[in-house]
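S.K.: Structure for this input, please:
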Amino acid sequence: MLALVEITPWYWVGFILCVLIFLALDLGLFHKQAHVVSVKEALGWTAVWVTLALLFAFSLIFLRGRKEALEFFTGYFIEVSLSMDNVFVIALIFGYFKVAPQFQHRVLFWGILGALIMRGLMIWAGVELITRFDWLLYIFGAFLVLTGIKMLLSKEESVHPEKSWIVRGAKKLLPVSSDFDGQNFLTRVNGRRMLTPLFLVLLMVETTDLIFAVDSIPAIFGVTRKPFIVFTSNVFAILGLRSMYFVLAGAIGLFRYLKVGLSVVLVFIGVKMLIDPHDKPPHWYQFDIPDSTSLLMVVTIIIISILFSIIATRRERERVNAAQRNKDHS
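M.R.: From the prediction side, this is the model:
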């Protein structure tokens, strides 16, 4: 058996430096000029980020063993799945503000950079709290179950930025111009420096991610409490969010039942946290669900929800086409 490598602060520093280098190359080289990101380009970048995540999981096998590698991949898949719902809300925000397609990548880049910082702080705080008060895991579990049920029973997502306290507060406290200035967040109007509406879009994207992080971060604690695994799985999921957006945003109708699947995932992870003994002698109602079983359950739930969505969309199109043919013949 291979000896496990201790995750020292240098591993944290090295990982964060690699992420910063990737982000610098992304904005400074590959997306220096604003342009419309095609589906083909987005699929290519999605493949890059997924491949990097898989290579990282493979390296964990040699560093920390198969168990932590599986924990990473399970956490990564859960975070990616929950991020898909975030993608659709971001699409609604862009649509509301009428953000030109060629400027959307810039908003997502800076939004995700801010999300990495916010999630890093939330993960650190969560780990510290759980280390001191491990009973909080049961609170997180109950929270996820209630959130999943609420998501399942709620109506379709709607975004009303004009009602957002973030947008109203920014407009009241900060000088915001009425017109866009390309991909700039700052502009000058009659010699006065002002924020552009694109900055309000960035604020909305950041706020949206913060709201989703409240659900997704407790969910990954249902898989592992190891800070390095929690952080790295979140980072890889967020890094792939930009390219995922350009792949999925135009196909929202194909995923009508994804929300149901995500609801079931949250309930499953919440129940797992409630019945898990958390490294203590188990009570009669407690038992540990293996990580491999958790991964299989989550993957199965998401795949089934997507398949049902595609089947429902195809049948709806067939009904519309049949009705149109009958109308043409009459």
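S.K.: okay, now the nearest residue to A213 once chain neighbours are set aside: neighbour count?
M.R.: Of all residues beyond its chain neighbours, the one nearest A213 is R119 (5.4 Å), with distances taken as Cβ to Cβ, 6 or more residues apart in numbering. Using the backbone N, CA and C atoms, a C-beta is placed for each residue, glycine as well. Other residues near R119 come to 25 when the count uses other Cβ atoms under 10 Å.
S.K.: Repeat that for P9.
M.R.: So P9, with other Cβ under 10 Å, has 7 neighbours.
S.K.: How about the one 3 residues further on?
M.R.: Neighbour count for W12, taken as other Cβ under 10 Å: 14.
S.K.: Report the contact partners of the nearest residue to I7 once chain neighbours are set aside.
M.R.: Spatial nearest neighbour of I7, excluding adjacent residues (Cβ to Cβ, 6+ apart): F228 at 4.8 Å. The contact partners of F228, by Cβ atoms under 8 Å, 6 or more residues apart in numbering, come to I7, Y11, W12.
S.K.: So the residue nearest to A213 sits against N234, correct?
M.R.: Yes: contact status for R119 versus N234: in contact at 5.3 Å, counting by Cβ atoms under 8 Å.
S.K.: anything in contact with each of those two?
M.R.: I217.
S.K.: before we move on, which element is the residue lying closest to F255 once chain neighbours are set aside in?
M.R.: Sequence neighbours aside, S309 is the residue nearest to F255 in space, at 5.0 Å (criterion: Cβ to Cβ, 6+ apart). Per DSSP states H and E: S309 is located in helix 291-329.
S.K.: try A91
M.R.: Using DSSP H and E, A91 falls within helix 66-97.
S.K.: got the angle between the following helix or strand past that helix and helix 66-97?
M.R.: Downstream of helix 66-97, the next assigned helix or strand under DSSP H and E is helix 101-132. Computed by axes from the mean of the first three to the mean of the last three Cα atoms, to 10 degrees, the angle separating helix 101-132 from helix 66-97 equals 140 degrees.
S.K.: Quick one: list the elements packing against helix 101-132.
M.R.: Using 3 or more Cβ pairs under 8 Å, 6 or more residues apart in numbering; DSSP states H and E, the elements in contact with helix 101-132 are helix 9-25, helix 66-97, helix 136-153, helix 197-221, helix 227-239, helix 241-248.
S.K.: what is the mean pLDDT for the last one?
M.R.: Summarised as a single mean, pLDDT over helix 241-248 is 78.
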